[in-house]
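In: sharing a sequence plus its predicted fold:
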There are 2 protein chains.
Amino acid sequence: MFEQVSIIGCGLIGSSVFRALKKNSLAKKVITFDNNKSVSEIIKKENLSDRTVSSPEEAVSNADLVLISTPLSSFESVLDSIKKHLKSGSILTDTNSVKKGADVIVKKMNLKNISWIPSHPVAGTEKSGPKTGSSDLFRGRWTILTPDSKIKDSDVKKISLFWESMGSKVKIMSAGDHDKILSITSHLPHVIAYNIVKTVMSNDEKMKKDFIRYSAGGLRDFTRIAASDPTMWKDIFIDNSDLIIDGINKFSKNLDQFKKAITEKDSKRLLKIFEESSEFREAIIKAGQDTDKPDFGRK
Amino acid sequence: MFEQVSIIGCGLIGSSVFRALKKNSLAKKVITFDNNKSVSEIIKKENLSDRTVSSPEEAVSNADLVLISTPLSSFESVLDSIKKHLKSGSILTDTNSVKKGADVIVKKMNLKNISWIPSHPVAGTEKSGPKTGSSDLFRGRWTILTPDSKIKDSDVKKISLFWESMGSKVKIMSAGDHDKILSITSHLPHVIAYNIVKTVMSNDEKMKKDFIRYSAGGLRDFTRIAASDPTMWKDIFIDNSDLIIDGINKFSKNLDQFKKAITEKDSKRLLKIFEESSEFREAIIKAGQDTDKPDFGRK
């Protein structure tokens, strides 16, 4: 499909992409770059890409598709390095979890004859780094593309097929809609998970020990979500701050009402909240986003 | 160990107990009662206990150990029915998630020559009902006992061994300590999970569809926790309301500080929160309460 795909940033997502490309023979040549030397060494040693290069410029010069999979805080400096070396007519994409910020940075670069088609594969685990990637990471998961309307249809089709070939389902929408949806489905749950762990930790050492010991009753699952990559999440919270703050405000308003129902021991109101939650859960299972299998705790 | 164990209430927990007892031959006779006829029929049909009786009185009259595993809102009426029929010298236990409330109810009954030893197996799934039980539910999980100091040591040992024989680890503490610890490790996470689902649902239908579709980024895991049994959780929130409200207040205070860090785009502060979370996560894994295996989403 593509002659040469170059991947800059080889963490969980980047390394899952090149694993999937190699496994399914989806590109003739896969070139990788990571500014962390120990990451590059792992890739070389385990023979995960066709060539590991020592600069982003070198990585992109012959690429038909360039995929940048660094934290957003490194995105601008990567683009600065490569902007003069991109091949005319090539496609540029990323994997950032917030689309408006990345878009502003790329547009500032004023790239000529490059199709900028932002991607967000909504997939991942709480792990980070090149050893944690999997060729199956995108299978059955959505990838959201947010290209401008002036981008060539044929290029959008190419990048759609690229993700679909790795097992992903593809949806095209505006960057604004993407950021709104993800602020609720992903960013707000992460704020909440971090915050509950923070609340638990503001207790004395004896209490903390007990909280750890009896965490199987619910807390455990929040700590997993709150174990995700710190730099990535710091960038997301800063980059999508307005929409995340909106989400937090709505959450707090609901929490006040919930607190009122608990204080007043209002059975009816509480049961109503729980029943609505079950309905939403059923819809998520029906949509294939989770299974109905009970979770006894991972062993 | 026990000649006859009688179980009143045969949902997830009750049915897991009799499954474990039968599988490991831990009681000569297991008698069950559930006030829901369709539940009793399932137990009879699948031959899960030695005898299914039609009243709680009948269940307890010859029992050496009586285990009540109903929602707390039915606990008092069950006790009222059985109090005159309990065998002298027998042990009475329960599986409620809040210990002070159950204790108040039992003490009102003024039972003579009965060892009341409250139990809370900290185990479960988001499922409820007799079909969802498992003989392995308690394996590797903690059971907390909160007996009064005047209860005979030999009886406390008997009930400890009872849970240990089903694979559980046993810890004895006061009802007050139990309720404080669980308010944070279990009750608060459930409040938060229900509340995030509620927040998501207060959007229009089109948005909700998108939230369901892209829920894999974090939201999905909260909906699982929020799918737990409504009646049980209504009772828990009402019975442990003071401590849960304390937890909510601390959570809200932290959330306000977190919001401030996001609004001010304070990278340093955000990174500090995330790093503390990772440390707590590591402690939970080290304590064997979860595995370090990445979660790619259940299939």
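Out: That came through fine. Small disclaimer: the values here were computed from a predicted structure and weren't measured.

In: can you give me the helices in chain A?
Out: Here chain A has its helices, by DSSP state H, at A:12-23, A:37-45, A:56-60, A:72-82, A:99-109, A:153-165, A:175-182, A:188-201, A:205-213, A:219-225, A:230-239, A:241-263, A:267-286.

In: can you give me the offset of the second one from its chain's centre?
Out: Read that as helix A:37-45. With Cα atoms, centre = their mean, to the nearest Å as the basis, helix A:37-45 stands 22 Å off its chain's centre.

In: other residues contacting that helix?
Out: The list of residues contacting helix A:37-45 from outside it, by Cβ atoms under 8 Å, 6 or more residues apart in numbering or on different chains, reads A:10-11, A:15, A:32-34, A:48-49, A:52, A:54, A:129-131. (Glycine included, C-beta is placed from N, CA and C.)

In: could you redo the last one with a cut-off of 10 Å?
Out: Defining contact as Cβ atoms under 10 Å, 6 or more residues apart in numbering or on different chains, one finds that helix A:37-45 is touched by A:7, A:9-11, A:14-15, A:18, A:32-34, A:36, A:48-49, A:51-54, A:129-131.

In: in it, what's buried?
Out: Within helix A:37-45, the residues scored as buried using 16 or more other Cβ atoms under 10 Å in any protein chain shown are A:39-40, A:42-43.

In: in CSV: those residues, plus pLDDT and distance to residue B:219.
Out: Output for the buried residues of helix A:37-45, formatted as CSV (pLDDT from 0 to 100; distance: Cβ to Cβ, whole Å):
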residue, pLDDT, distance to residue B:219
A:39, 93, 30
A:40, 92, 35
A:42, 93, 32
A:43, 91, 32
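
In: from the residues you listed, which is closest to chain B?
Out: In terms of Cβ to the nearest Cβ, no member of the buried residues of helix A:37-45 lies closer to chain B than residue A:42, at 16.7 Å.

In: next one: the closest one from residue A:69, what distance?
Out: Using Cβ to Cβ, to the nearest Å, one obtains 15 Å as the distance from residue A:42 to residue A:69.

In: filter the contacts of helix A:37-45 by proximity to chain B?
Out: Among those, not one lies near chain B by Cβ under 10 Å from any Cβ of the partner chain.

In: picking up where we left off before, and the helices of chain A: which comes nearest residue B:165?
Out: Ranking these by their distance to residue B:165 (criterion: Cβ to Cβ) puts helix A:205-213 first, at 20.9 Å.

In: what about residue A:195, how many residues nearby?
Out: 25 (other Cβ atoms under 10 Å in any protein chain shown).

In: and it, what's its pLDDT?
Out: As summarised for this prediction, residue A:195 has a pLDDT of 95.

In: for chain B, what's its nearest residue on the stretch 51-200 of chain A.
Out: Evaluated by Cβ to the nearest Cβ, the stretch 51-200 of chain A has residue A:186 as its residue closest to chain B, separated by 3.1 Å.

In: show me what contacts that residue?
Out: Residues touching residue A:186, when contacts are defined by Cβ under 10 Å, 6+ apart, comprise A:97-98, A:120, A:122, A:124, A:225, A:236, A:240, B:214-220.

In: roughly how far apart are it and residue B:16?
Out: Spatial separation of residue A:186 from residue B:16 under the definition Cβ to Cβ is 34 Å.

In: now do residue A:28
Out: Separation of residue A:28 from residue B:16 (Cβ to Cβ): 55 Å.

In: okay, and for the stretch 1-150 of chain A, where does confidence drop off?
Out: Counting by pLDDT under 70, the stretch 1-150 of chain A has no low-confidence residues at all.
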